[in-house]
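Q: Requesting a structural model of the entry that follows:
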Amino acid sequence: MFHLRQRLIYLRKKHGLSQQILADFIWTSRPKIARLESGQLDFSPEIVSKLSEVFKVPRDYFLLVDDSAFIQSQLTELFHLLVTDDLDGVEALLEKKYSHISLEQEVAFKLLESICGIRCQTVDRDEGFEAIFLESIDLKGLSPFLTKVFGLFAYETSAVNNDWLEALGHLDKLIELSNGEEEDGYLVLKRGRCLFRLQKYGLAFSGVVELKKKLEKMNHPLLLARSLILYSALCIHLKLYSECEATLNELDGIVKANHFMSILAVVHQQKGFIKSKTGQFLDALIDYRLAYDIARNDKVKFQILVSIIAASIKLNDYTSAHDNIICARAFASSEKDQMTLDSFKAELALYSGDYKRHKKLFNLVEPYFTNISAFEDLNYIYTYCAKFHAKNHQFKEATKFFLKKEDLPNEKN
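A: Coordinates of the predicted model:
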């Protein structure tokens, strides 16, 4: 049986409060808090009211005496933390062991644990569990909460497999079921990211503009900051560089005011990208290097190094580009990442006049080139392939790639 004292200890530690600080908040003494947590003192209605106000939880949270009801409250909090991308408190909740847990609650915990594993990149899509779940549970008979949990699980597994169209469908269903402004805001933001991945930039842009307007009237600085990151990325793809620069300046202010240091790396990365797009490669390198120094995520570090390599090549600084290719190998997590670095090596060989070595590298990476569907990448790749064939006096092949480049649309909607 879970006791009120355990709930108090959990909330106090979750918010990083000492017994003395909590005592000051509710106008009592530290020994009284210690007695409440040790079970030596009963919770009076007045204490419960003050604690619920401090921790922003319903009074029922401290009045629940049924294990099942308390477990459900923990599940609801877990779901909220995962929807809002707040993984700090997730592991502590998942480590708890519960008695008298129902089958539905056990399934919900398993799904939420799998979602956490996918987010932390410790597990891939759990095909076996999903198959067992689908066979043993009547989807039409799910409770509203478990339907939402399964929907989030389905979205995460689709996203990790880069099936963004399927992920979009799951998000649309989740948005219909969402209850709460913050939860709804994060789901709409994830929907915008899906559309971005599908290169539906116009649809994503209109959706994030609407979300941004709502958030500017609300007090959700972290959600607003994340929506501005997506908004600035869309502005870049739609070539709205002035709007993007203004957005990044606004984002910079929000990040510094709220100490969102993890987002600051993205701000500098985006600023560098704009400067690269407008030909300011030296200034772009300054922002990229600031972003790299701040970044803590290996995937983000790899993306920044790719930008640094590209800018270095534009500045004809081939030594720096080569050194950063070597550095980026440590952060490459997929075959595609390795192929990206090989394509840079091929480009360096071309510019250095080492055509024999370049031809070997080009043959290695050409299949990767021809399978890329992003418009910006195709524009670059067709030019690159045409230059290679022209340098090797293969003018027929070079003409073929120049014609392919001319057939590309002027912009991607």
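
Q: OK, contacts around the closest residue to residue 173 other than its chain neighbours?
A: Nearest non-adjacent residue to residue 173, counting by C-beta to C-beta, 6 or more residues apart in numbering: residue 151, 5.4 Å away. Backbone N, C-alpha and C define where each C-beta goes, glycine included. Shown in contact with residue 151 (C-beta atoms under 8 Å, 6 or more residues apart in numbering): 170, 173-174, 177.

Q: And the contacts of stretch 301-310?
A: Outside stretch 301-310, the residues that reach it (C-beta under 8 Å, 6+ apart) are 265, 269, 272-273, 276, 284-285, 288-289, 291-292, 295, 320-321, 324-325, 327-328, 331-333, 337, 340, 344.

Q: re earlier: using CSV, lay out the contacts of residue 151 together with secondary structure, neighbour count and distance to residue 109.
A: Converted to CSV, those look like this (DSSP: H, G, I helix; E, B strand; the rest coil; neighbours: other C-beta atoms under 10 Å; distance: C-beta to C-beta, whole Å):
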residue, secondary structure, neighbour count, distance to residue 109
170, helix, 23, 20
173, helix, 15, 21
174, helix, 24, 19
177, helix, 14, 19
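
Q: of the residues you listed, closest to residue 388?
A: Nearest to residue 388, judged by C-beta to C-beta, of these is residue 170 at 42.0 Å.

Q: Kindly export the helix or strand residue 117 falls within (C-alpha atoms) in PDB.
A: Here residue 117 is covered by helix 103-119, with elements defined by DSSP states H and E. What follows is helix 103-119 as a C-alpha-only set of coordinates in PDB (Å, rounded to 0.1, in the frame of the first residue of the first chain):
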ATOM      1  CA  LEU A 103      -3.500  -6.000 -16.500                       C
ATOM      2  CA  GLU A 104      -4.400  -2.800 -18.300                       C
ATOM      3  CA  GLN A 105      -2.100  -0.800 -16.000                       C
ATOM      4  CA  GLU A 106       0.700  -3.300 -16.600                       C
ATOM      5  CA  VAL A 107       0.300  -3.000 -20.300                       C
ATOM      6  CA  ALA A 108       0.300   0.800 -20.000                       C
ATOM      7  CA  PHE A 109       3.600   0.700 -18.000                       C
ATOM      8  CA  LYS A 110       5.200  -1.600 -20.600                       C
ATOM      9  CA  LEU A 111       4.200   0.700 -23.400                       C
ATOM     10  CA  LEU A 112       5.400   3.800 -21.600                       C
ATOM     11  CA  GLU A 113       8.700   2.100 -20.700                       C
ATOM     12  CA  SER A 114       9.200   1.200 -24.400                       C
ATOM     13  CA  ILE A 115       8.500   4.800 -25.400                       C
ATOM     14  CA  CYS A 116      11.100   6.000 -22.900                       C
ATOM     15  CA  GLY A 117      13.600   3.400 -24.300                       C
ATOM     16  CA  ILE A 118      13.000   4.700 -27.900                       C
ATOM     17  CA  ARG A 119      13.400   8.300 -26.800                       C
END
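
Q: which secondary structure elements does that helix contact?
A: helix 67-83, helix 90-95, helix 127-136, helix 144-160 (3 or more C-beta pairs under 8 Å, 6 or more residues apart in numbering; DSSP states H and E).

Q: how much does that helix deviate in direction from helix 144-160?
A: Interaxial angle, helix 103-119 versus helix 144-160 (axes from the mean of the first three to the mean of the last three C-alpha atoms, to 10 degrees): 20 degrees.

Q: ok, residue 44 to residue 69 distance?
A: As defined by C-beta to C-beta, to the nearest Å, residue 44 lies at a distance of 21 Å from residue 69.

Q: now residue 115
A: Applying C-beta to C-beta to residue 115 and residue 69 gives a distance of 23 Å.

Q: what's the neighbour count on the residue lying closest to residue 320 once chain neighbours are set aside?
A: What sits nearest to residue 320 in space, not counting adjacent residues and going by C-beta to C-beta, 6+ apart, is residue 312, at 4.4 Å. Neighbour count for residue 312, taken as other C-beta atoms under 10 Å: 23.

Q: Checking residue 312 next. Helix, strand or coil?
A: helix (DSSP: H, G, I helix; E, B strand; the rest coil).

Q: from what I can see it touches residue 288, true?
A: No: applying C-beta atoms under 8 Å as the test, residue 312 and residue 288 come out as separate, 9.6 Å apart.

Q: Let me see the contact set for the residue nearest the centre of the chain.
A: Geometric centre of the chain, nearest residue: residue 85, 7.7 Å, by C-alpha atoms, centre = their mean. Listed by C-beta under 8 Å, 6+ apart, the contact set of residue 85 reads 119, 186, 226.

Q: Please apply the same query to residue 145.
A: 72, 75-76, 79, 108.

Q: now residue 25
A: Here residue 25 is in contact with 17, 50, 54 (C-beta under 8 Å, 6+ apart).

Q: Out of those residues, which end up buried?
A: 17, 50 (16 or more other C-beta atoms under 10 Å).

Q: On the three-state scheme, the closest residue to residue 181 other than its chain neighbours is what?
A: Leaving out its chain neighbours, the residue that sits closest to residue 181 by C-beta to C-beta, 6+ apart is residue 218, at 6.5 Å. Three-state call for residue 218 (three-state DSSP): coil.

Q: count of residues packed around residue 218?
A: Count around residue 218 with other C-beta under 10 Å applied: 12.

Q: Would you quantify the distance from it to residue 211?
A: 10 Å.

Q: Kindly report the same for residue 271.
A: In terms of C-beta to C-beta, residue 271 sits 22 Å off from residue 211.

Q: With residue 242 instead?
A: 21 Å.

Q: go on, residue 166?
A: Applying C-beta to C-beta to residue 166 and residue 211 gives a distance of 22 Å.

Q: who's more crowded, those two?
A: Remark: of residue 166 and residue 211, residue 211 carries more neighbours, 22 against 16, as counted by other C-beta under 10 Å.

Q: Quick check: that one touching residue 227?
A: Yes: Residue 211 is in contact with residue 227 according to C-beta under 8 Å; the separation is 5.4 Å.

Q: Can you tell me which of the contacts of residue 145 comes closest to residue 396?
A: residue 79 (59.1 Å).
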